[in-house]
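1. any chance you can model this:
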Amino acid sequence: MKIVDTKLGCALLMPEVIKDNRGLFLIPFSTEDLTKLGFSFDRVFQLNHSFTVSKGTVRGPNYQDSFPQAKIIRCTKGSLYSVGICLSGSDKGKWVGYELSSYNKEVMYIPRGYAHGFVTLEDDTELEYLTDNKYCFEAAKSIKWDSLGIDWTVGGRVVVRQDLLSNKNRYAPML
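-> Predicted coordinates for the structure are as follows:
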């Protein structure tokens, strides 16, 4: 696994892809590799899978206050723009985004203490993300999706489907 880019504690990572005449093989997650690269992800608590029907759908930004989670995010079908938002300190409210796709095979690391959100760049997009802590409904919080200056259109590549925002994200407080 190699570091493609790092910003604000988040990272874009590229697993080693081994190709042959049958196809390919890769390891999109390894605690050993993450530790060697200097990232903290001590255990896998759960694997989450998200399927989104329509291009331009924004999910999040979401986080957990009393059960913070580090995340490893990968797109398994289609493509998306994945955003990590710092929740505290001098970088509070600053964000970083990376395009993830089933084609580029890259993964995003988001440390504890960050919110995560994404917008789909294609219809029928799927992503999986590993977390190092449990999901807790009572600890789950959201940030108003359009309050931080994030370019959810990704430079005009998609039109945000505001009609598909969840009420949780539509009416969330600002950070």
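2. tell me who's in contact with the residue at the greatest distance from the centre of the chain.
-> Distance from the C-alpha centroid of the chain peaks at residue 21, with 31.7 Å (CA atoms, centre = their mean). By CB atoms under 8 Å, 6 or more residues apart in numbering, no residues touch residue 21. For every residue, glycine as well, the C-beta is placed using N, CA and C.
3. okay, it: pLDDT?
-> On the pLDDT scale, residue 21 is placed at 97.
4. do the same with residue 52
-> Listed pLDDT for residue 52 reads 98.
5. test my guess that it contacts residue 120.
-> Yes - Residue 52 lies in contact with residue 120 (CB atoms under 8 Å); the separation is 4.7 Å.
6. so what sits against both of those two?
-> In contact with both residue 52 and residue 120: residue 80, using CB under 8 Å, 6+ apart.
7. so for those two, which sits in the more crowded spot?
-> Shown here are residue 52 and residue 120; by other CB atoms under 10 Å, residue 120 has more neighbours (27 against 23).
8. run through the residues that contact that one.
-> 52, 54, 55, 56, 57, 78, 79, 80, 158.
9. got the contact list for residue 170?
-> Applying CB under 8 Å, 6+ apart, we find residue 170 in contact with 145, 162.
10. now it: how far from residue 58?
-> Separation of residue 170 from residue 58 (CB to CB, to the nearest Å): 10 Å.
11. in stretch 17-26, which residues are buried?
-> By 16 or more other CB atoms under 10 Å, stretch 17-26 has no buried positions at all.
12. what's the span of that stretch from first residue to last?
-> The straight-line separation of the ends of stretch 17-26 (CA to CA, to the nearest Å) is 5 Å.
13. I figured residue 128 was touching residue 48, is that so?
-> Yes - assessed by CB under 8 Å, residue 128 is found in contact with residue 48 at 6.8 Å.
14. who's more crowded, these two?
-> Under the neighbour definition other CB under 10 Å, residue 128 and residue 48 were set side by side, and residue 128 has more, 17 against 13.
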